[in-house]
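Participant: the sequence isn't on hand, but the structure is:
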């Protein structure tokens with residue numbers, strides 16, 4: 001269990017203290033045709049990543065990782081800097097095992113409630129929150145609200161904006177962030193700021209006693225490399241005019257993502273051990289043997305802290321409260337099949353008690369994509385497979401000479417259904433690569449995975465939805481449907497209960513409808529082919545999907561952002577019932593970040609940016625803002641309610657309209673939040689209040705830079 005820490009009192013609200021605390025944390029030590037593929041192989045044989053092995057002591061873990069590294073270290077250090085590329089994952093772990101019980105996760109966006117979260121929202125107020133994938137699972141974002149205040153990361157600062165009267169937003173405080181960016185989690189009066197500060201060469205030389213014995217013809221790097229660090233700063237925001245730093249937790253490694261369920265946060269980080277190992281480099285071919293000898297000596301003398309990331313917990317005054325490994329050695333796991341020397345950590349924060357020791361679990365692998373239900377967290381990473389291994393397995397390959405081979409997605413599943421540390425459950429793999437977190441979904445004890453196998457631009461590629469279940473410590477494929485989009489790649493995925501929807505694209509946009517009610521026999525029920533594609537799909541009713549993406553010509557040339565409304569009531573015949581262009585050229589952040597999207601009742605808010613060339617003026621044409629759409633759920637229509645813009649906003653008032661030839665990026669609307677009858681849009685430049693019914697301007701709060 002994690003050590004419990006009570007709320008710290010007496011932390012002074014000093015201007016710039018957040019930046020100071022984060023700086024201290026950063027510097028403290030140590031994602032067609034089924035017949036074309038031939039017969040579907042035995043489903044159990046498609047799982048290649050071996051189950052994980054656990055070590056009961058630091059000595060056992062260190063001995064195992066040293067032995068593996070001695071086999072793989074070279075004159076230039078570890079191949080791939082410690083990450084496993086290419087990955088030769090051909091070990092089969094097929095076999096029988098008991099099927100573990102699995103709880104069903106709530107369906108996201110069922111249509112009876114928006115898929116948004118507002119922890120601690122004021123009673124009696126209608127307040128939207130972050131657009132999340134699963135109900136009950138909050139995600140970090142650059143804007144959070146409790147219904148009374150907006151907490152905004154913009155222009156390199158953390159701003160607290162009073163929206164008690166949403167028509168007249170007012171900035172109450174503004175604090176600089178060390179990294180200039182970050183994301184937020186909010187729980188009651190506690191705000192957590194998540195940042196990654198990137199590494200670089202440290203100015204001090206490597207200590208003499210840490211240098212291996214080498215010759216003059218071997219190059220020693222100029223100094224030790226400072227690995228990137230993730231800092232999590234805990235703030236008391238009960239006084240919005242003076243947020244108080246309570247504690248800062250600094251962890252070696254880069255932030256992958258985080259999730260918050262029932263006031264327990266799970267933070268996923270990844271780190272590279274090569275940043276902590278003093279490897280040398282050869283000056284030329286003649287010195288490679290000397291460099292290899294020196295690097296083998298580095299591995300042989302390595303310590304547990306050089307392989308397992310460390311954390312440091314400091315209080316508001318910068319004093320160290322606790323430090324150590326991100327996970328105890330009996331909570332470290334390694335795959336039986338080599339998956340690199342990077343360390344994936346899943347850390348736990350009980351937000352009611354505040355930052356503690358992290359209660360981490362570590363896996364010797366890396367991670368790229370995070371998905372979570374209320375019960376399980378899954379971390380996925382993409383791996384290349386050597387061309388010869390893929391050919392032997394009959395896998396499709398990219399028909400270009402520089403291709404590294406076929407791809408595979410490795411999956412690690414953890415239990416998060418309590419307030420204790422995450423528990424490693426199982427691992428597995430599927431052919432192909434993911435698009436993003438929406439490619440993963442848990443339902444009725446099964447994990448659904450949408451993948452593209454191949455390059456997504458040639459005749460050898462196709463996509464599939466694969467269904468896995470947990471058997472012991474393995475995720476085993478029990479069903480799949482192949483042949484989606486021959487020669488194309490996935491652009492969007494949405495799983496809704498026992499249904500699935502997949503968009504692929506190359507020249508036209510097939511929207512595939514899938515029946516997943518029988519996990520052992522998922523099937524394609526219907527498809528719709530139209531020009532263009534959707535990059536994000538959002539359920540807006542029991543049988544309607546709203547898609548945000550790009551329109552395109554018949555030959556596949558994209559022409560500009562568009563919104564589409566699909567009727568999917570007939571699984572065999574999905575239909576686009578409405579289409580609305582956002583403007584020629586350009587696009588929307590929603591296409592790559594679902595958190596930029598807001599849907600509430602009958603209103604959808606979509607940020608957009610358009611650009612091009614004005615033939616009449618002979619100048620660039622640019623526009624930026626957010627469009628509000630009326631979504632008629634009964635009639636299946638789309639209509640523009642209005643547009644808002646932050647262009648040329650200045651001072652306390654509402655400024656002039658857009659200048660189509662001017663742009664600095666700061667006016668791009670990033671998020672939209674609804675509070676009662678007001679829509680608040682947020683950019684680096686400020687917060688604009690607009691009337692919910694008409695989207696006419698009400699008030700403006702500039703954010704200082």
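Facilitator: Sure, I can see it. Every value quoted in this text rests on a predicted model; they were computed, and no experiment measured them.

Participant: below-threshold pLDDT in the stretch 501-650 of the chain: ranges please.
Facilitator: Applying pLDDT under 70 to the stretch 501-650 of the chain flags residues 507-509, 612-621, 650.

Participant: could I get the full set of strands for it?
Facilitator: Applying DSSP state E, counting those that start in this stretch to the stretch 501-650 of the chain gives strands spanning 508-515, 523-531, 533-541, 544-552, 558-567, 575-584, 598-600, 603-614, 619-632, 637-644.

Participant: and those strands: which comes nearest residue 306?
Facilitator: Closest to residue 306 of the strands of the stretch 501-650 of the chain is strand 533-541 (C-beta to C-beta; 41.1 Å). From N, CA and C alone the C-beta is placed, and that goes for glycine too.

Participant: list the neighbouring strands of the closest one plus their orientation.
Facilitator: strand 544-552 (antiparallel) (DSSP bridges).

Participant: how many degrees apart are the strand it pairs with and strand 575-584 in direction?
Facilitator: Angle of strand 544-552 versus strand 575-584, following axes from the mean of the first three to the mean of the last three C-alpha atoms, to 10 degrees, is 50 degrees.

Participant: still on that earlier bit, quick one: closest of the strands of the stretch 501-650 of the chain to residue 676.
Facilitator: strand 598-600 (11.2 Å).

Participant: make TSV out of the strands of the stretch 501-650 of the chain and add distance to residue 333 and mean neighbour count.
Facilitator: Output for those, formatted as TSV (distance: least, C-beta to C-beta, whole Å; neighbours: other C-beta atoms under 10 Å):
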stretch	distance to residue 333	mean neighbour count
strand 508-515	33	22
strand 523-531	36	16
strand 533-541	34	24
strand 544-552	39	24
strand 558-567	42	22
strand 575-584	46	17
strand 598-600	39	22
strand 603-614	41	20
strand 619-632	45	20
strand 637-644	49	16
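
Participant: those into JSON lines, with extra columns for distance to residue 124?
Facilitator: Converted to JSON lines, these look like this (distance: least, C-beta to C-beta, whole Å):
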{"stretch": "strand 508-515", "distance to residue 124": "40"}
{"stretch": "strand 523-531", "distance to residue 124": "42"}
{"stretch": "strand 533-541", "distance to residue 124": "25"}
{"stretch": "strand 544-552", "distance to residue 124": "29"}
{"stretch": "strand 558-567", "distance to residue 124": "32"}
{"stretch": "strand 575-584", "distance to residue 124": "34"}
{"stretch": "strand 598-600", "distance to residue 124": "16"}
{"stretch": "strand 603-614", "distance to residue 124": "20"}
{"stretch": "strand 619-632", "distance to residue 124": "24"}
{"stretch": "strand 637-644", "distance to residue 124": "25"}
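
Participant: after the worst-scoring helix or strand of the chain on mean pLDDT, which helix or strand is next? Please name it.
Facilitator: Sorting the helices and strands of the chain by mean pLDDT, DSSP states H and E puts helix 17-27 at the bottom, at a mean of 43. Using DSSP states H and E, the helix or strand that directly follows helix 17-27 along the chain is strand 52-54.

Participant: list the buried ones in that next one?
Facilitator: With burial defined by 16 or more other C-beta atoms under 10 Å, the residues of strand 52-54 counted as buried are residue 52.

Participant: each with direction, which strands does it pair with?
Facilitator: For strand 52-54, pairing defined by DSSP bridges yields strand 332-335 (antiparallel).

Participant: show me how far the partner strand is from its chain's centre.
Facilitator: Here strand 332-335 is found 23 Å from its chain centre; the criterion is C-alpha atoms, centre = their mean, to the nearest Å.

Participant: need the contact partners of it.
Facilitator: Applying C-beta atoms under 8 Å, 6 or more residues apart in numbering, the contact partners of strand 332-335 are 49-55, 61, 64-65, 308, 361-365, 424, 427.

Participant: could you redo the last one with a cut-off of 7 Å?
Facilitator: Outside strand 332-335, the residues that touch it by C-beta atoms under 7 Å, 6 or more residues apart in numbering are 49-50, 52-55, 61, 64, 308, 362-365, 424, 427.

Participant: and residue 184, what element?
Facilitator: With DSSP H and E as the criterion, the answer for residue 184 is strand 183-187.

Participant: give the buried residues for that strand.
Facilitator: Neighbour-count burial for strand 183-187 flags 183, 184, 185, 186, 187 (criterion: 16+ other C-beta under 10 Å).

Participant: nearest to residue 287, of these?
Facilitator: Set against residue 287, the nearest of these by C-beta to C-beta is residue 183 (44.8 Å).

Participant: name the nearest residue to the closest one, sequence neighbours excluded.
Facilitator: Residue nearest to residue 183 in three dimensions, not counting chain neighbours: residue 140, with 3.8 Å by C-beta to C-beta, 6 or more residues apart in numbering.

Participant: okay, the closest residue to residue 628 other than its chain neighbours and residue 580: tell me how far apart.
Facilitator: Once flanking residues are discounted, residue 628 sits nearest to residue 641: 4.1 Å by C-beta to C-beta, 6+ apart. Separation of residue 641 from residue 580 (C-beta to C-beta, to the nearest Å): 11 Å.

Participant: okay, buried residues for stretch 678-691 please.
Facilitator: Buried, per 16+ other C-beta under 10 Å, within stretch 678-691: 678-690.

Participant: then stretch 261-269?
Facilitator: 261, 263, 264, 265, 266, 267, 268, 269.

Participant: farthest-separated two in those residues?
Facilitator: Taking C-beta to C-beta, no two of the buried residues of stretch 261-269 sit farther apart than 263 and 269, at 20.5 Å.
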